[in-house]
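*Asks:* Curious how this folds, go ahead:
(chains A and B)
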Amino acid sequence: AQSVTQPDIHITVSEGASLELRCNYSYGATPYLFWYVQSPGQGLQLLLKYFSGDTLVQGIKGFEAEFKRSQSSFNLRKPSVHWSDAAEYFCAVGPGNNNDMRFGAGTRLTVKP
Amino acid sequence: DSGVTQTPKHLITATGQRVTLRCSPRSGDLSVYWYQQSLDQGLQFLIQYYNGEERAKGNILERFSAQQFPDLHSELNLSSLELGDSALYFCASSEPSQAQYFGPGTRLLVL
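*Replies:* Below is the predicted model of the structure:
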């Protein structure tokens, strides 16, 4: 069965610093991979997705992610974090046996001034 | 704005009651998904509908049911509510095998 692990529950970075959020997945075939962001009290917004092709994926808000099959990873990166990036970030993998997506537990990002 | 709408935004009710949550998908999306988000369980997939038919089931309780209507909007019915059903309920929609787009959610509080 597919699963997603986000090893970091909470990360704090300084504004302007670079960011990398980790995501590891377990999936029997080539997965579809996603990163979503959730601000407090809001729904989940799609940042980027990987289906196939180029393993470096560009998303919105200056985010990118790299699919590494050998490491079963899909880490999210941003070169310079802004205070408005403070939010919860979810990695997801699909489609599952039920055509669903499995979400990681999320990583909460705090940005220090 | 994802294009997915959900009503109501907030709902407060008592144990044992029944509520209905409504979702309108993005224009053109035939698939609708329901998720429950709680602090202890995280984001859990409940059920998926595709063009009016149930397509997949996740961790949905028997007290919960859903349907998708001919105009593609969907309703999630929660009955015999318990304190533990308090959560955020999200609807998402997608085109076949594409990314899901989430609505703003309905926050349910069961007292």
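
*Asks:* quick one: contacts of stretch B:70-86?
*Replies:* By C-beta atoms under 8 Å, 6 or more residues apart in numbering or on different chains, the surrounding residues in contact with stretch B:70-86 are B:13-25, B:29-30, B:32, B:34, B:38, B:46-47, B:49, B:51-52, B:63-69, B:89, B:91, B:108-111. All C-beta atoms are positioned from the backbone trio N, CA, C, and that covers glycine.

*Asks:* let's see it at 6 Å
*Replies:* The contact list for stretch B:70-86 (C-beta atoms under 6 Å, 6 or more residues apart in numbering or on different chains) reads B:15, B:17-25, B:32, B:34, B:49, B:63-68, B:108-110.

*Asks:* buried set for it?
*Replies:* Neighbour counts over stretch B:70-86 (16 or more other C-beta atoms under 10 Å in any protein chain shown) mark B:L72, B:S74, B:E75, B:L76, B:L78, B:L81, B:D85, B:S86 as buried.

*Asks:* Now it - C-alpha only, PDB.
*Replies:* Output of stretch B:70-86 as PDB, limited to C-alpha atoms (Å, rounded to 0.1, in the frame of the first residue of the first chain):
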ATOM      1  CA  PRO B  70     -26.700  15.300 -11.800                       C
ATOM      2  CA  ASP B  71     -25.400  18.900 -11.600                       C
ATOM      3  CA  LEU B  72     -22.200  17.300 -10.100                       C
ATOM      4  CA  HIS B  73     -22.500  19.000  -6.700                       C
ATOM      5  CA  SER B  74     -22.000  16.600  -3.800                       C
ATOM      6  CA  GLU B  75     -23.400  16.300  -0.300                       C
ATOM      7  CA  LEU B  76     -21.800  14.600   2.700                       C
ATOM      8  CA  ASN B  77     -24.300  13.500   5.300                       C
ATOM      9  CA  LEU B  78     -23.100  12.900   8.800                       C
ATOM     10  CA  SER B  79     -25.600  11.300  11.300                       C
ATOM     11  CA  SER B  80     -25.700  10.200  14.900                       C
ATOM     12  CA  LEU B  81     -22.900  12.700  15.500                       C
ATOM     13  CA  GLU B  82     -20.400  12.100  18.200                       C
ATOM     14  CA  LEU B  83     -17.900  14.400  19.800                       C
ATOM     15  CA  GLY B  84     -15.100  12.800  17.900                       C
ATOM     16  CA  ASP B  85     -16.700  13.800  14.600                       C
ATOM     17  CA  SER B  86     -15.600  17.400  15.200                       C
END
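
*Asks:* Counting by contacts, list what the helix or strand of chain A with the lowest mean pLDDT packs against.
*Replies:* Least confident helix or strand, chain A: strand A:102-103 with a mean of 88, by mean pLDDT, DSSP states H and E. Counting contacts by 3 or more C-beta pairs under 6 Å, 6 or more residues apart in numbering or on different chains; DSSP states H and E, strand A:102-103 is packed against strand A:87-94.

*Asks:* Any residue of the strand it packs on touching chain B?
*Replies:* No: remark: strand A:87-94 sits outside contact range of chain B, by C-beta under 6 Å from any C-beta of the partner chain, the gap being at least 6.7 Å.
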